[in-house]
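Asker: task: produce atomic coordinates for the following.
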Amino acid sequence: MTHGDDDGLVLPPRLAPQHVVILPIHRNDEQRGPILEYCNKLRSELAAQRYDDEPVRAMVDDRDLPRADKKWQHVKRGVPLVVEIGPRDIAGDTLMPKRRDETAGEKKPAIARSEFVAKVAADLAAMQKSLFDRAFALRKANTRTITKLDEFEAFFTPKDLEKPEAHGGFAICNFVEGRETHEILARHKVTIRCVPVTDEPGFEQQTTGSCLFTGQPTAERALFAKAY
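Answerer: Below is the predicted model of the structure:
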């Protein structure tokens, strides 16, 4: 859920079942044979490359479905790279790969097939880093360490109670498990998302403090948030 947009998933390459999906585009049986041959050759060339110490995972989707439907399925599933190949691409031996993490509708010039194959691992690594950096920056910008209950309640209370806006974020707080703690959390529809290990950012030092909800001394801290 960290990586997604209005069109569906945006899978980090390390997690993606397929790194590259190749979509043949042909209008008749006469075009189909040469295009599939080219697509399968490209798939083999990509599979010979290595990313994250493994062969690049590439597939040719030659199902008998409308072009737009097939492409949309792979967009929703978050495939990192989608390449459509038709007669013009073969004639020029050039490709126009589309990275899933880039802005929809953004156009880039075609590149030579050999160049795409040679840099596919670098493209996947760049996408992996881009998604990580984006998620890390978002988490950092929306995380606060809170030590007072009134600040905690204000953080998770919308400004407009009739039409609540998206509000709050991640709150790092000392806590003690117990009825009083959970009653306050339930009132604000907040839950413990995780109790991070000590090498997580913001959790490097476990210093003794007071439970935000009961006032009891404790060194345990957790990450609190609302679900939307």
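
Asker: pLDDT weak spots in this protein?
Answerer: For the chain, the stretches with pLDDT under 70 are 104-105, 197-207, 228.

Asker: in the top helix by length along the chain, what's buried?
Answerer: The longest helix of the chain (DSSP state H) is helix 113-141. Within helix 113-141, the residues that qualify as buried are 113, 116-117, 120-121, 123-124, 127-128, 131, counting by 16 or more other Cβ atoms under 10 Å. From N, CA and C alone the C-beta is placed, and that goes for glycine too.

Asker: what's that helix packed up against?
Answerer: helix 29-47, strand 50-51, strand 81-85, strand 94-95 (3 or more Cβ pairs under 8 Å, 6 or more residues apart in numbering; DSSP states H and E).

Asker: the longest one versus helix 113-141: what angle between them?
Answerer: What that stands for is helix 29-47. 60 degrees (axes from the mean of the first three to the mean of the last three Cα atoms, to 10 degrees).

Asker: next: the third one.
Answerer: Angular relation of strand 81-85 and helix 113-141 on a 0 to 180 degree scale: 150 degrees, by the same axes, to 10 degrees.

Asker: let me see the domain layout of this protein.
Answerer: Domain segmentation of the chain under automatic domain parsing yields 4-139, 143-226.

Asker: endpoint to endpoint, the shortest one covers what distance?
Answerer: With Cα to Cα, to the nearest Å applied, domain 143-226 spans 12 Å between its terminal residues.

Asker: residue most distant from the centroid, the protein?
Answerer: Distance from the C-alpha centroid of the chain peaks at residue 30, with 39.5 Å (Cα atoms, centre = their mean).

Asker: sorry, back to before: winner for burial among the domains of the chain?
Answerer: domain 4-139 (a mean of 16; mean count of other Cβ atoms under 10 Å).

Asker: can you check the distance spanned by it, start to finish?
Answerer: End-to-end distance of domain 4-139 (Cα to Cα): 15 Å.

Asker: how far is it from where the chain is centred?
Answerer: With Cα atoms, centre = their mean, to the nearest Å as the basis, domain 4-139 stands 16 Å off its chain's centre.

Asker: residue ranges of the helices in the protein, please?
Answerer: Using DSSP H, helices in the chain cover 29-47, 67-76, 87-92, 113-141, 149-155, 179-187.

Asker: so which other helices or strands are in contact with the fifth one?
Answerer: This means helix 149-155. strand 170-174.

Asker: now swap in the first one and tell me
Answerer: For helix 29-47, the helices and strands in contact under the criterion 3+ Cβ pairs under 8 Å, 6+ apart are strand 20-24, strand 58-60, strand 81-85, helix 87-92, helix 113-141.
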